[in-house]
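Chemist: sharing a sequence plus its predicted fold:
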Amino acid sequence: MTNKIRKAVIPVAGLGTRFLPATKAQPKEMLTLVDKPVIQYIVEEAVAAGIEQIIFITSQTKRAIEDHFDRNFELEYNLAKKNKLADLEEVKKISQLADFIYIRQEAPLGLGHAIASAAPIIDNEPFAVFLGDDIVDGSTPAIQELIDLYQQYNKPVIAVKEVSPELVFKYGIIDGTPLNEKCYQINTLVEKPAVNKAPSNLAIIGRYILTPEIMEILKNTPANIDGEIQLTDALLEYIKTKEIYATKFSGQHFDCGNKLDFMKAAVYYASKHPEIREEFKKFIDTL
Ligand code: G1P
């Protein structure tokens, strides 16, 4: 089995009800931070780490994502005619970022089910998983930090971050034996525990390197009481026989699945954007 990570699975079938009414007629993944949709930041992180194939697990309300990563000949023609060459380049390069594959999730049966839907394309290779809400900006792509650890052990790796105890109920939480100041060998994982049941405050963030054995386990993982097949439950099954590692990452993380973090991300990217940053900072100072 190769240990190069060439493929990434990005589940995008979820409804995005936390952002209504903005997501009434558009996917939450297409909400923009300055001038780029959230999903493009994530795809660019994957590509920066050498990933060549992006497998979106999608649903019928997410067609805008397919259009975004496809060519738009009419737009390209018009930009060329008006000599807007920088915009033309920007638009054309999106479809060239990677090979894009779309798989419809048959039913909304949870993250584990979404990932299992990619099994025929994953075949017998290790692969990355990116969750569409989590954006990480750093000089090294966060997924690269996971790939480096994967290539050391040839075992699954999960991104983790310390969160305050009152937030553990929102995340998968791990207990791990530290290997150094940022890496752990995982002893156990629990999905969204109550604060008094959490084994630590190390929360799973939406970046994983998984091995193809997880697909077999997912097929046999029962749904939880909400009818969802949890990836965390499959990983818990996996560690009964083999190790899983976790690593903290060095970039700045935003959970774009909640409004406050989404707005923090918008301000963060606006403060870095060459076209608007000067004026934007002046404006922020006036608030
Ligand atoms: C999922 C995972 C959870 C993880 C979280 C990170 O939950 O199940 O373990 O901590 O993503 O964003 P979700 O946020 O999809 O409910």
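Modeler: Done, it's in. Numbering: from 1, shown residues only.
Chemist: give me the pLDDT for the residue in the chain that the ligand sits nearest to.
Modeler: Closest contact between the chain and the ligand, by Cβ to the nearest ligand atom, is at G172 (2.4 Å). C-beta here means a position set from N, CA and C on the backbone, and glycine is covered the same way. For G172, the pLDDT comes out at 95.
Chemist: element containing the closest residue to it other than its chain neighbours?
Modeler: Using Cβ to Cβ, 6 or more residues apart in numbering and skipping the chain neighbours, the partner closest in space to G172 is I204 (3.7 Å). Assigned by DSSP states H and E, I204 falls within strand 202-210.
Chemist: and that strand, C-alpha only, in CSV?
Modeler: Extracted as CSV, the C-alpha positions of strand 202-210 are listed here (Å, rounded to 0.1, in the frame of the first residue of the first chain):
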residue,chain,number,x,y,z
LEU,A,202,-8.4,17.5,23.3
ALA,A,203,-11.1,18.0,20.6
ILE,A,204,-11.1,16.4,17.2
ILE,A,205,-10.9,19.1,14.5
GLY,A,206,-12.0,18.3,10.9
ARG,A,207,-8.8,16.9,9.5
TYR,A,208,-8.0,13.1,9.4
ILE,A,209,-5.6,10.8,7.6
LEU,A,210,-7.3,7.4,7.4
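Chemist: partners of it in the sheet?
Modeler: Partners of strand 202-210 in the sheet, by DSSP bridges, are strand 127-130 (antiparallel), strand 157-162 (antiparallel), strand 172-178 (antiparallel).
Chemist: winner for burial among those?
Modeler: strand 127-130 (a mean of 25; mean count of other Cβ atoms under 10 Å).
Chemist: next SSE downstream of that strand?
Modeler: That would be, after strand 127-130 and using DSSP H and E, strand 134-137.
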